[in-house]
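Participant: structure for the following, please:
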Amino acid sequence: MQSIPLTLPRPVPIQRLRPPKKNVPQTPAERTAILHAARKYVAEFNPVPPMPADELKTHADKLIAQIDCSAVYRDYVGVLINNEMWRETLAAVPFERRLLLLPKCLRIESKCPAPFDEFGLLCKQCGLCSIQDLQNEAERLGYAVLVAEGSAIVMSLIQTGKIEAIVGVSCLSVLERAFPYMEAAAIPGVAVPLLQDDCIDTNVDLDWVWDYIHLTSDDKTRRMDLGSLRDEVDSWFTAESLHSLMGPPEGDAETIAREWLRGSGKRWRPFLTISTFQASRSDSGTSFSDDLRKIAVAVECFHKASLVHDDIEDSDLERYGEKTLHEQYGIPVALNVGDLLIGEGYRLIAATRFSGEQKSRMVLAAAQSQRELCRGQGAELSWARQPKPLTTLEVVGIFRGKTAPAFQVALQLGAICASAEPCDELDETLRAYSEALGIAYQIRDDLADLDAQEQAKDIKGLRPSILLSIALERAQGEQRTLLHPLCQRSTAPLDTQKIQALYLELKADEKARGLLETYKEEAIRSLRDLDNASLKALLRRVIGKIFNDTEIKGWCAEFEQKNKQPQTAPVAA
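Facilitator: Here you go, the predicted structure:
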């Protein structure tokens, strides 16, 4: 098998999955819908902060009525409305006049070596939890950082006038107690809720925290509606739009290729191209030229060609819930269509009116991506010829080779369209970001094998899987006997449900989700030294858009009892 660097980023804690409470949205879809509704509500009605708690609850009730969601979410909706009211004000406050307030319960309590003083937790930088990265990044930007809850020092800092805005991570109960003090001081404050009920070993939506930490008025994309942008990109793949950009199809091969190109798919890669262009462009326009559309379509041509060839190599019968191209038309036709789409991608790049230097760089980026993609796929095919058990690191190495290049070329082409000047530092950042993003994306696909029992594509296809590698590392005795045929690509009948149950029994899914979060965080960290504030912010948001799968699990139980007691001292979120 081809040698691939087998390295993992520093691990982060696995999210602990606990039953959500009834006053919190229980699915990612609900959470996203409410967030978008809150943004539209604030944009439409322009409520002015600071706002008393009673008035904020009135706005929350109005929004709940508008979107017809459960009234038990009122406090949660109120938090989102309050965040959106302060968002633009926070963006205008310099980093060095902001405070990041983190709760001590983000630490791994049983292993945390950090002591406490009167100001809170003194992080020892052990790397066991997310406190280290959040604190280091915020301090690098110029923030004051406290890891404490209910500390009177927060109010003291506010009173000195040195702190003009607060980004807080907390539970709903603490936020409710802190709100009167924030409102009275008229301090811009945004809050990111914790994901668990308990006051021990909790987690938080890191994408959300990083978004607020880095929010700045220099970011020209913070008002960009990524949902609308994605809809715009989707509209370029109708028959009429493709006809106008590519010319009329000639012959059966082109007709089949166009049908495949405009068929089902998430179109993340052309979306990444346009998003990167938008964030990198010198002006703030929203119109897209035909040349830019051609580049986006070229990116999708390359991707859809790889899927055609991938399906043949893996002997897959279905994609997007329909027959694969080679199942519909036969392998010779499918191979030809895949090759045709690759040619179409290069033709579209050449047909644009970008400068010769830009087109040369785009062709080189596309060719390098194609090469790396084939090398990664080749590593998997080599394993298929001589199958053996793979470690998790080896599976990640395959993911790195066969998935990341398609994301990288999408980002590179968008950046090249926006600027004629090459930048090695930007190329390296996009490479690191794409690598982490691609691995995370593939891990999520592997986890889908457990969510769709009627498919179990990786199990049935006898392909390398992160779930299989983790399970093998943990299995013993009869468990290994059950998994062994997958490692050897045995043609014997497989009990897919029993294998799925074994994955769950061995908690392979939990470790895989932990790795997913690790690589998402690694993608965020790769943007640390990116100078373009707009591109940095947008690429962080893209992670949230692609991996919109974090469920809010409830709120801190510790303060529920404290809330019943009389409030005697200021508490800050």
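Participant: any chance you could map the strands in this protein?
Facilitator: 98-102, 116-117, 120-121, 144-147, 165-170, 189-193, 318-319, 322-323 (DSSP state E).
Participant: dump the ones you listed to TSV, plus mean pLDDT and mean neighbour count.
Facilitator: For glycine as for every other residue, the C-beta is placed from the backbone atoms N, C-alpha and C. TSV is the format used below for the strands of the chain (pLDDT from 0 to 100; neighbours: other Cβ atoms under 10 Å):
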stretch	mean pLDDT	mean neighbour count
strand 98-102	88	24
strand 116-117	64	10
strand 120-121	68	21
strand 144-147	85	21
strand 165-170	86	26
strand 189-193	82	25
strand 318-319	84	16
strand 322-323	88	13
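Participant: so which bits of stretch 404-419 are buried?
Facilitator: 404-418 (16 or more other Cβ atoms under 10 Å).
Participant: quick check: the two most widely separated of the residues you listed?
Facilitator: Using Cβ to Cβ, the two most remote members of those are A404 and A418, lying 21.5 Å apart.
Participant: surely L229 and F277 touch.
Facilitator: No. Look at L229 against F277 with Cβ atoms under 8 Å: they stay out of range, at 10.4 Å.
Participant: out of the two, which sits in the busier spot?
Facilitator: In terms of neighbours (other Cβ atoms under 10 Å), F277 is the more surrounded of L229 and F277; the figures are 22 against 19.
Participant: the more buried one - nearest residue in space that isn't next to it in sequence?
Facilitator: Nearest residue to F277, sequence neighbours excluded (Cβ to Cβ, 6 or more residues apart in numbering): G414, at 4.2 Å.
Participant: hmm, that neighbour is touching L272, no?
Facilitator: Yes. G414 lies in contact with L272 (Cβ under 8 Å); the separation is 6.7 Å.
Participant: pLDDT below threshold where in the stretch 401-550 of the chain?
Facilitator: 420, 451-458, 461, 548-550 (pLDDT under 70).
Participant: residues contacting the residue nearest to F277?
Facilitator: Contact analysis of G414 by Cβ atoms under 8 Å, 6 or more residues apart in numbering lists L272, T273, I274, S275, T276, F277, S280, I295.
Participant: for it, give its distance to G338.
Facilitator: 24 Å (Cβ to Cβ, to the nearest Å).
Participant: what's the answer for S355, then?
Facilitator: 30 Å.
Participant: ok, these two, which is more surrounded?
Facilitator: Under the neighbour definition other Cβ under 10 Å, S355 and G338 were set side by side, and G338 has more, 23 against 11.
Participant: that one and H309 touch, don't they?
Facilitator: Yes. Using Cβ under 8 Å, G338 is in contact with H309, at 4.9 Å.
Participant: returning to that earlier point: quick one: closest of the strands of the chain to K498.
Facilitator: strand 318-319 (22.4 Å).
Participant: so what touches that closest one?
Facilitator: Residues contacting strand 318-319 (Cβ under 8 Å, 6+ apart): S264, L307, D311, T324, E327.
Participant: of the residues you listed, closest to C487?
Facilitator: For the contacts of strand 318-319, the nearest to C487 is D311 (22.7 Å; Cβ to Cβ).
Participant: that closest one touches T324, doesn't it?
Facilitator: Yes. Contact criterion Cβ under 8 Å: D311 and T324 qualify, at 4.2 Å.
Participant: please enumerate the shared neighbours of those two.
Facilitator: Contact with both D311 and T324 is made by residues A334, according to Cβ under 8 Å, 6+ apart.
Participant: so for the lengthiest helix in the chain, what gets flagged as buried?
Facilitator: The single longest helix within the chain, with elements called by DSSP state H, is helix 356-385. Across helix 356-385, burial judged by 16+ other Cβ under 10 Å covers 358-359, 361-362, 365-366, 369-370, 372-374, 376-380, 383-384.
Participant: my read is that T429 contacts L530, right?
Facilitator: Yes. The criterion here is Cβ under 8 Å, and T429 meets it with L530 at 5.3 Å.
Participant: the helices in the stretch 451-573 of the chain, which residues?
Facilitator: 457-461, 466-474, 478-487, 496-505, 508-525, 533-546, 558-562 (DSSP state H, counting those that start in this stretch).
Participant: ignore the last one, the stretch 201-350 of the chain
Facilitator: Under DSSP H, counting those that start in this stretch, the stretch 201-350 of the chain gives helices at 206-214, 226-234, 239-246, 251-261, 268-280, 290-314, 325-329, 331-350.
Participant: can you give me the end-to-end span of stretch 82-101?
Facilitator: 17 Å (Cα to Cα, to the nearest Å).
Participant: out of the contacts of strand 318-319, which end up buried?
Facilitator: Buried among the contacts of strand 318-319 by 16+ other Cβ under 10 Å: L307, D311, T324, E327.
Participant: just the closest of those to D68, please.
Facilitator: L307 (38.6 Å).
Participant: how far away is that closest one from G321?
Facilitator: Applying Cβ to Cβ to L307 and G321 gives a distance of 14 Å.
Participant: ok, back up a step: to Y41, which of the helices of the stretch 201-350 of the chain lies closest?
Facilitator: Of all the helices of the stretch 201-350 of the chain, helix 226-234 comes closest under Cβ to Cβ, at 15.8 Å.
Participant: identify each buried residue in the closest one, please.
Facilitator: Neighbour-count burial for helix 226-234 [16+ other Cβ under 10 Å]: L226, L229, R230, E232, V233, D234.
Participant: now do stretch 528-541
Facilitator: L530, N532, A533, S534, L535, K536, A537, L538, L539, R540, R541.
Participant: quick one: residues contacting the closest residue to the fifth one other than its chain neighbours.
Facilitator: Computed as Cβ to Cβ, 6+ apart, the closest residue to L535 that is not its neighbour in sequence is A279, at 4.1 Å. By Cβ under 8 Å, 6+ apart, the residues touching A279 are K220, T221, N532, S534, L535, A537, L538, L539.
Participant: and if you look at H214?
Facilitator: L141, A533, K536, A537, R540.
Participant: how about 10 Å then?
Facilitator: Counting by Cβ atoms under 10 Å, 6 or more residues apart in numbering, H214 makes contact with 91, 95, 137-138, 141, 222, 524, 527-528, 533, 536-537, 540.
Participant: would CSV of these with distance to K498 be doable?
Facilitator: Output for the contacts of H214, formatted as CSV (distance: Cβ to Cβ, whole Å):
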residue, distance to K498
A91, 53
F95, 54
E137, 44
A138, 47
L141, 51
R222, 49
I524, 37
L527, 42
R528, 44
A533, 51
K536, 46
A537, 46
R540, 40
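Participant: from these, which is closest to C123?
Facilitator: Using Cβ to Cβ, the contacts of H214 come closest to C123 at A138, 11.7 Å.
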